[in-house]
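Colleague: Pasting the sequence and the predicted model now:
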Amino acid sequence: MGTSNQSQAHLSSRRDFVRLAGGAAAALGSAPALVSAETAAAPTTHPGEDYYEKLGVPKIINAAGTYTALTAACMPPVVLAAVQQAALHPVRLHDLQTKAGEYVAKRLRCEGAVITSGASGAISIATAACMQHANNIRFLDMPQAIDGKKNQVIVQRAHRYGYDHAMFLCGARVTEVVTRDDYKRACAAGQGIMTNFFNAAEEEDGLAGTAQIGREEWLRVAHEHGIPCHLDAAADMPPISNLWKYTGMGFDLVSFSGGKGMRGPQNAGLLLGKKHLTDLAAQNNNPGDGVGRGMKVAKEQIVGMVAAVDWVLSHTEESMQGDYQKRVDVVTHAVKGIPSVRTETVVPKIANHVPHLLIRFDPAVTGVTTAQIVTALRSGQPSIELNPNTGHPPNQGIPSDANTLVVGVWMLQPGEDAIVGRRIRAALTKQV
Ligand SMILES: *Cc1c(COP(=O)(O)O)cnc(C)c1O
């Protein structure tokens, strides 16, 4: 649970925050050379310049979700305010990383933690750590001096994905397995440095898709051969308890994205797990010259990530779900009575575990297609992005189809639910 200070800040009005942010912005922008702490703290009403406006970048309504290309989440005011404070003072980066890691490990009930540039960055330095661990090499040896060394990451075919590239950076390669026998053989082959498990590829209550091996068995077999297991849980908070569930289950390393459900900076993430491995991962993280050097995590991201952890832990599982169901109800109400329209709320079991609204309709009745609605929403003012599962076959726990709009409500700002409802109604009834 958060301290009373945090909850107070969490509840503080937007105006208070703008004033605080303005103070920092003014201090950074207008002071000639050195800024004293007093100047930095002095309140001002300067709101900061709107660079989206200045650069001509359209702001959007995010009715999609925490998608990277849509800049993922917006930070809560209490997190932004902490970033603002941190931005005013230099520190020793190593001190900050070390203390931040210790603090997060304690709060998230694991042995060690590293603040990374994101989940993808976490996967890169996790792999590098395991490569070092398996081969007893220095972090500067990767990837150029690993010929003849162990370099295989063992992965189920159903768990292969775009983030495999994050593992390749240090010179690792993938051994793909399908059956239990494949897996046992791959572990026994003696080339494995790590296994990778894509958390959202498996349901909590059983195997999904074509994967044949569940978490418990996966861990047991790898550990029999002394191979550490990494779990990618990037988008899998909420529920909050996932932040310690998988390390508690025995995964040696677990990655989370900082800028998705955790609502920290978009370029931040967490690598949690066994201390001997997170320590190696930290060597590979910036500011060292290892594979993580280009994945710089600045003081603003480190502090923002730690503050986001505090923000998440200031919630209960219920309060973490916010007023998402109310927003779904607002949009549902707005499209009521349109011929052929049926609505439904779904909560994906793993990843993006929050209410999503499905709006099903018959284009033969409405006279508009899914593609036309998506275009109308995108080209209108303000531009609205629906969830990318709109018009797609079932995917990521969302049972959509060609004639289904998917509204992700959790990244909407206050009042945007009504706008989205109105605009979808207009699109479905050809009022645009
Ligand atoms: C988003 C995501 C990532 C990458 O996270 P970043 O924080 O953007 O680097 C990795 N794996 C999965 C499964 C994701 O959903």
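Modeller: Happy to help now that I have it.

Colleague: Can you tell me the element residue 113 falls in?
Modeller: Using DSSP states H and E, residue 113 falls within strand 112-116.

Colleague: Alpha carbons of that strand, as CSV, please.
Modeller: Extracted C-alpha coordinates of strand 112-116, given in CSV (Å, rounded to 0.1, in the frame of the first residue of the first chain):
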residue,chain,number,x,y,z
GLY,A,112,16.6,-8.6,-7.5
ALA,A,113,15.2,-6.0,-9.9
VAL,A,114,16.6,-3.9,-12.7
ILE,A,115,14.8,-0.8,-14.2
THR,A,116,15.1,-1.3,-17.9
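
Colleague: Tell me which other helices or strands it touches.
Modeller: Strand 112-116 sits against helix 93-107, helix 119-135, strand 269-273, helix 275-284, helix 299-313, with contacts defined as 3 or more Cβ pairs under 8 Å, 6 or more residues apart in numbering; DSSP states H and E. From N, CA and C alone the C-beta is placed, and that goes for glycine too.

Colleague: what about residue 259, which SS state?
Modeller: With DSSP: H, G, I helix; E, B strand; the rest coil as the basis, residue 259 sits in coil.

Colleague: what's the average pLDDT for stretch 166-173?
Modeller: Averaged across stretch 166-173, pLDDT comes to 98.

Colleague: how about the helices of the stretch 101-250 of the chain, start to end?
Modeller: Along the stretch 101-250 of the chain, counting by DSSP state H, counting those that start in this stretch, helices occupy 119-135, 164-168, 180-188, 215-224, 242-249.

Colleague: Also the stretch 251-400 of the chain?
Modeller: Assigned by DSSP H, counting those that start in this stretch, the helices in the stretch 251-400 of the chain fall at 275-284, 299-313, 317-320, 324-334, 363-366, 370-379.

Colleague: what residues go with each domain of the chain?
Modeller: With domains defined by automatic domain parsing, the chain comprises 90-315, 322-428.

Colleague: Adding distance to the ligand and mean neighbour count as columns, could you present these in JSON lines?
Modeller: Shown next, in JSON lines, are the domains of the chain (distance: least, Cβ to the nearest ligand atom, whole Å; neighbours: other Cβ atoms under 10 Å):
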{"stretch": "domain 90-315", "distance to the ligand": "3", "mean neighbour count": "20"}
{"stretch": "domain 322-428", "distance to the ligand": "6", "mean neighbour count": "18"}
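
Colleague: Alpha carbons of stretch 210-223, in PDB - could you do that?
Modeller: Output in PDB follows, covering the C-alpha atoms of stretch 210-223 (Å, rounded to 0.1, in the frame of the first residue of the first chain):
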ATOM      1  CA  THR A 210      -0.900 -25.200 -30.000                       C
ATOM      2  CA  ALA A 211       1.400 -25.000 -27.000                       C
ATOM      3  CA  GLN A 212       1.900 -28.400 -25.400                       C
ATOM      4  CA  ILE A 213       3.800 -27.600 -22.200                       C
ATOM      5  CA  GLY A 214       2.400 -25.600 -19.300                       C
ATOM      6  CA  ARG A 215       4.300 -23.300 -16.900                       C
ATOM      7  CA  GLU A 216       5.000 -25.800 -14.000                       C
ATOM      8  CA  GLU A 217       6.300 -28.600 -16.300                       C
ATOM      9  CA  TRP A 218       8.300 -26.100 -18.300                       C
ATOM     10  CA  LEU A 219      10.000 -24.900 -15.100                       C
ATOM     11  CA  ARG A 220      10.600 -28.300 -13.700                       C
ATOM     12  CA  VAL A 221      12.400 -29.700 -16.900                       C
ATOM     13  CA  ALA A 222      14.600 -26.700 -17.400                       C
ATOM     14  CA  HIS A 223      15.600 -26.600 -13.800                       C
END
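
Colleague: Do me a favour and average the pLDDT over it.
Modeller: pLDDT averaged over stretch 210-223 gives 94.

Colleague: re earlier: nearest to residue 341, of the helices of the stretch 251-400 of the chain?
Modeller: Closest to residue 341 of the helices of the stretch 251-400 of the chain is helix 363-366 (Cβ to Cβ; 7.7 Å).

Colleague: Show me the contact partners of the closest one.
Modeller: The contact list for helix 363-366 (Cβ atoms under 8 Å, 6 or more residues apart in numbering) reads 338-341, 369-370, 403, 428-430.

Colleague: Throw the helices of the stretch 251-400 of the chain into TSV and include mean pLDDT, thanks.
Modeller: Below are those laid out as TSV (pLDDT from 0 to 100):
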stretch	mean pLDDT
helix 275-284	98
helix 299-313	98
helix 317-320	96
helix 324-334	98
helix 363-366	97
helix 370-379	98
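
Colleague: Turn these into JSON lines, columns for distance to residue 349.
Modeller: Below are the helices of the stretch 251-400 of the chain laid out as JSON lines (distance: least, Cβ to Cβ, whole Å):
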{"stretch": "helix 275-284", "distance to residue 349": "28"}
{"stretch": "helix 299-313", "distance to residue 349": "20"}
{"stretch": "helix 317-320", "distance to residue 349": "15"}
{"stretch": "helix 324-334", "distance to residue 349": "16"}
{"stretch": "helix 363-366", "distance to residue 349": "30"}
{"stretch": "helix 370-379", "distance to residue 349": "25"}
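
Colleague: and of the ones you listed, who's closest to residue 77?
Modeller: Closest among the helices of the stretch 251-400 of the chain, using Cβ to Cβ: helix 299-313, at 9.7 Å.

Colleague: Point out the other elements, helices or strands, that that closest one touches.
Modeller: By 3+ Cβ pairs under 8 Å, 6+ apart, helix 299-313 packs against helix 4-11, helix 77-87, helix 93-107, strand 112-116, strand 269-273.

Colleague: From residue 91, how far off is the closest residue in space to residue 123 that isn't next to it in sequence?
Modeller: For residue 123, ignoring the flanking residues on the chain, the nearest one in space by Cβ to Cβ, 6 or more residues apart in numbering is residue 166 at 3.9 Å. As for residue 166, its distance to residue 91 is 28 Å (criterion: Cβ to Cβ, to the nearest Å).
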